[in-house]
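Student: Kindly return the folded structure for what I paste below:
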Amino acid sequence: MKINKLSTLLLAGGLLLGTGGCKDDLLDKVNPNEPNTEQFWKTESDAVRSVTAMYSGLQYIGTYSQRWHFATVPRSDEGFSQSPYVELAQYTRFIQANTTFEYSYFMWIDFYRTIFRCNQIILRVPEIQMDEALKKRLIAEARFVRALCYFDMSMTFGNVPLNLVVADATTRVPQGTVESVQAQVIADLLAAKPDLPLTYGANDKGRATRGAATGLLGRVYLLQRKWSEASAQLAEVISSGQYSLVPNYVDNFTMANENNSESLFEVQFSDASITGGQDFAGAGEGNERAQFFAPPGIGYTDVEARPWIFNEFTDKTATGGVDPRRDATLFSAVGTPTVYGRPFGTGPNGLNLNPSRYFWRKYQNDRTKATENFFSGINIRLLRYADVLLMQAEALNELNQPAAAAPLVNQVRTRAGVTPIATSLSQAQMRTQIRHERVTELSGEGMRWYDINRYGLLDNQAGIDELKTRDVDFNNFVLGKSKLLPIPQTDIDIDRSIKQNPGY
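Tutor: Next comes the predicted model:
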């Protein structure tokens, strides 16, 4: 139950006066107009509003507004940090002495805040008398969001407490393993799929669809190297007829053409409000990635791109031009000499940027703004159709069907305008090709962290040595430790049954 400011002041006054200075029931006074759990979970409207509130958890700083991006892009080999905020830069270099460092700590808190809302819906909405079809859909949406949160928790913190109840301060649940947490993710997605629609009307854009659940399930199975299971789910998305690649690659990373035919699921953001804070009327709903990833002179530049990403764009168009995805992905002295309308180098109004540095252009507002602030309205695309095509190509190739994988790869290449690959590649050649395609199509979107996990590069010294050739920060990587973030010590202090991740 929420306690309003008046009640808090009454409590403080009662303590000052002593028990003899007030009636016994004075401290029990609450605002009768303040909603509480006993009053709330009653109507269909309550159920709908609870799900709307659940989605707002995906906009938190600790989830997909900011911290998730730091946990995936610079901690993979595609990005790094030269931030003057030393603790942040060290965090991206696999050096985190403080187990309550705010970037991992608030990520932990905000994912669990969102999971708490999902659990409330899953356990309380079934008791409400309402339209049964709508009830099933709302519960399925909550299962999808809980699965999404726990999947990313498993990929960053690993062995997290697996809470499936409406928790309070006394709740204690078993600590899961990566395997048990992902098993619950799969269970939630399988349960959600039948009750989710293929599509929604214009007023409900951004809600979880059956395609979103199916695509995420394919991603989880692929990560687990369950190729047949992954292929079955991804084939279902492809054959649904609901998705297609948009003609303009850039439309996947701007406010224009959001929730388009390529999007399976994206977190909704808006720059309509510039009021800070969260979870109150009029609060800002913008994401902070654009500000923190923007080039010097525009934003904070806490994350930039490794040069090898720029050099990976070797493919040519039919006319001999460079792969256009390069300059949609990165700011560079070569490809984008004008950045936010200003020269990359010296000259009038120049940004004076070192030509050997590369900065992320994806999710930047350079086409519409002269600078960045904390309130970017660009939706974060967590799952899009190009990724589904490449994941299916990978699954088929690992099932020793490289010829079947080639047309899927070529769909992605054709959209970019680069020449198709041959259908006669061997399995080993196709594996190398698909890994290249995932860099040129998906770099800077957080997917590289999942990829190097799936490739097994974080599990042995040979893999770490390969990563070092592209990213010197992997010299700090400790096998058996650095793959996972530390569990916040504050939670361990509360529940002594929680074991810290190894090495911290």
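Student: got any ranges where this structure has weak pLDDT?
Tutor: Where the chain drops to pLDDT under 70, the residues are 1-36, 275-282.
Student: Spatially central residue in it, please.
Tutor: In the chain, the residue lying closest to the centroid (Cα atoms, centre = their mean) is residue 64, at 4.9 Å.
Student: who touches that one in this structure?
Tutor: 58, 267, 287, 380, 382 (Cβ atoms under 8 Å, 6 or more residues apart in numbering). All C-beta spots, glycine's among them, are computed from the backbone N, C-alpha and C.
Student: Residue 292: how many residues sit nearby?
Tutor: Close neighbours of residue 292, defined as other Cβ atoms under 10 Å, add up to 22.
Student: hey, which helix is longest across the protein?
Tutor: Longest helix of the chain, by residue count under DSSP state H: helix 132-156.
Student: In that helix, which residues are buried?
Tutor: Residues of helix 132-156 classed as buried: 135-156 (neighbour count, 16 or more other Cβ atoms under 10 Å).
Student: Show me what whichever helix or strand comes after it is in contact with.
Tutor: Using DSSP states H and E, the helix or strand that follows helix 132-156 in sequence is helix 178-192. Contact with helix 178-192 is made by 140-141, 143-144, 146-147, 150-151, 153-154, 158-160, 162, 164, 176, 208, 213-214, 216-217, 220-221, 223-224, as judged by Cβ under 8 Å, 6+ apart.
Student: Just the strands from the protein, written as ranges.
Tutor: Using DSSP state E, the strands of the chain run over 79-80, 263-267, 304-305, 330-331, 338-339, 342-343, 359-360, 380-384.
Student: what are the pairing partners of the last one, and which direction each?
Tutor: Pointing back at strand 380-384 there. strand 263-267 (antiparallel) (DSSP bridges).
Student: tilt between the strand it pairs with and helix 132-156?
Tutor: For strand 263-267 against helix 132-156, the angle by axes from the mean of the first three to the mean of the last three Cα atoms, to 10 degrees is 80 degrees.
Student: what about strand 263-267, distance to the chain center?
Tutor: How far strand 263-267 lies from its chain's middle: 11 Å, per Cα atoms, centre = their mean, to the nearest Å.
Student: And stretch 296-313, by the same measure?
Tutor: The chain centroid and the centroid of stretch 296-313 are separated by 19 Å under Cα atoms, centre = their mean.
Student: Can you measure across it, start residue to end residue?
Tutor: One end of stretch 296-313 sits 24 Å from the other (Cα to Cα, to the nearest Å).
Student: And it, what's buried?
Tutor: When neighbours are counted by 16+ other Cβ under 10 Å, the buried residues of stretch 296-313 are found to be 296, 298-306, 309-310, 312-313.
Student: can you redo those residues as a markdown table with distance to residue 485?
Tutor: Shown next, in a markdown table, are the buried residues of stretch 296-313 (distance: Cβ to Cβ, whole Å):
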| residue | distance to residue 485 |
| --- | --- |
| 296 | 28 |
| 298 | 29 |
| 299 | 24 |
| 300 | 21 |
| 301 | 23 |
| 302 | 17 |
| 303 | 17 |
| 304 | 21 |
| 305 | 22 |
| 306 | 21 |
| 309 | 24 |
| 310 | 28 |
| 312 | 27 |
| 313 | 31 |
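Student: And residue 222, how far from residue 179?
Tutor: Distance, residue 222 to residue 179, using Cβ to Cβ, to the nearest Å: 16 Å.
Student: Comparing those two, which residue is more hemmed in?
Tutor: More crowded of residue 222 and residue 179, by other Cβ under 10 Å: residue 222, with 23 against 10.
Student: And for that one, nearest residue in space, chain neighbours not counted?
Tutor: residue 230 (4.1 Å; Cβ to Cβ, 6 or more residues apart in numbering).
Student: Is it correct that the one you found is in contact with residue 216?
Tutor: No. Using Cβ atoms under 8 Å, residue 230 is not in contact with residue 216; the gap is 11.2 Å.
Student: joint contacts of these two?
Tutor: Listed contacts common to residue 230 and residue 216 are nil; contacts here mean Cβ under 8 Å, 6+ apart.
Student: And for residue 202, the neighbour number?
Tutor: For residue 202, the count of nearby residues is 6 (other Cβ under 10 Å).
Student: what do you get for residue 373?
Tutor: Residues contacting residue 373 under the criterion other Cβ under 10 Å number 16.
Student: what's near enough to touch it?
Tutor: Shown in contact with residue 373 (Cβ under 8 Å, 6+ apart): 274, 291.
Student: now the one 5 residues further on
Tutor: Residue 378 makes contact with 253-255, 258, 269, 287, 290, 363, 365, according to Cβ under 8 Å, 6+ apart.
Student: Show me these that map onto helices.
Tutor: Reading helices off these with DSSP H, I get residue 290.
Student: farthest-separated two in the contacts of residue 378?
Tutor: Farthest pair in these (Cβ to Cβ) is 258 and 290. Separation: 14.5 Å.
Student: More neighbours: the two, which one.
Tutor: More crowded of residue 258 and residue 290, by other Cβ under 10 Å: residue 290, with 26 against 19.
Student: so the more buried one touches residue 362, yeah?
Tutor: No. Counting by Cβ under 8 Å, residue 290 does not reach residue 362; the two are 9.7 Å apart.
Student: Now for the two: what residues contact both?
Tutor: What both residue 290 and residue 362 touch, as defined by Cβ under 8 Å, 6+ apart, is an empty set.
Student: about what we covered before: identify the residues contacting the residue nearest to residue 222.
Tutor: By Cβ under 8 Å, 6+ apart, the contact list for residue 230 reads 218-219, 221-222, 391-392, 395.
Student: what about it, distance to residue 495?
Tutor: From residue 230 across to residue 495, the span is 35 Å (Cβ to Cβ).
Student: neighbours around residue 172, how many?
Tutor: Neighbours of residue 172 (other Cβ under 10 Å): 13.
Student: what's the closest non-adjacent residue to it?
Tutor: Leaving aside its sequence neighbours, residue 172 sits nearest to residue 495 (Cβ to Cβ, 6+ apart; 5.7 Å).
Student: out of everything not next to it in sequence, what's closest to residue 364?
Tutor: residue 290 (5.5 Å).
Student: ok, now which ones touch the one you found?
Tutor: Applying Cβ under 8 Å, 6+ apart, we find residue 290 in contact with 299, 363-365, 372, 376, 378.
Student: Residue 377 now?
Tutor: Taking Cβ under 8 Å, 6+ apart as the contact definition, residue 377 lies against 255, 269-272, 286-287.
Student: And for residue 504?
Tutor: So residue 504 contacts 96, 99, 481, 486-487 (Cβ under 8 Å, 6+ apart).
Student: Could I have the buried ones of these as ChimeraX selection syntax?
Tutor: Under the burial definition 16+ other Cβ under 10 Å, those of those that qualify are selected in ChimeraX by:
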select :96,99,486,487
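Student: and which of the contacts of residue 504 is nearest residue 53?
Tutor: residue 487 (26.5 Å).
Student: is it true that the closest one touches residue 99?
Tutor: Yes. Look at residue 487 against residue 99 with Cβ under 8 Å: they come within range, at 7.2 Å.
Student: anything in contact with each of these two?
Tutor: Listed as contacting both residue 487 and residue 99 by Cβ under 8 Å, 6+ apart are 500, 504.
Student: Ends of stretch 160-170, what's the gap?
Tutor: Counting by Cα to Cα: the opening and closing residues of stretch 160-170 are 17 Å apart.
Student: Out of the strands of the chain, which is closest to residue 127?
Tutor: So among those, strand 263-267 is nearest, using Cβ to Cβ, at 28.1 Å.
Student: Counting neighbours, what do you get for the residue lying closest to residue 65 once chain neighbours are set aside?
Tutor: Take residue 65 and drop its neighbours on the chain: the residue closest to it by Cβ to Cβ, 6+ apart is residue 287, 4.5 Å away. Neighbourhood size, residue 287 [other Cβ under 10 Å]: 28.
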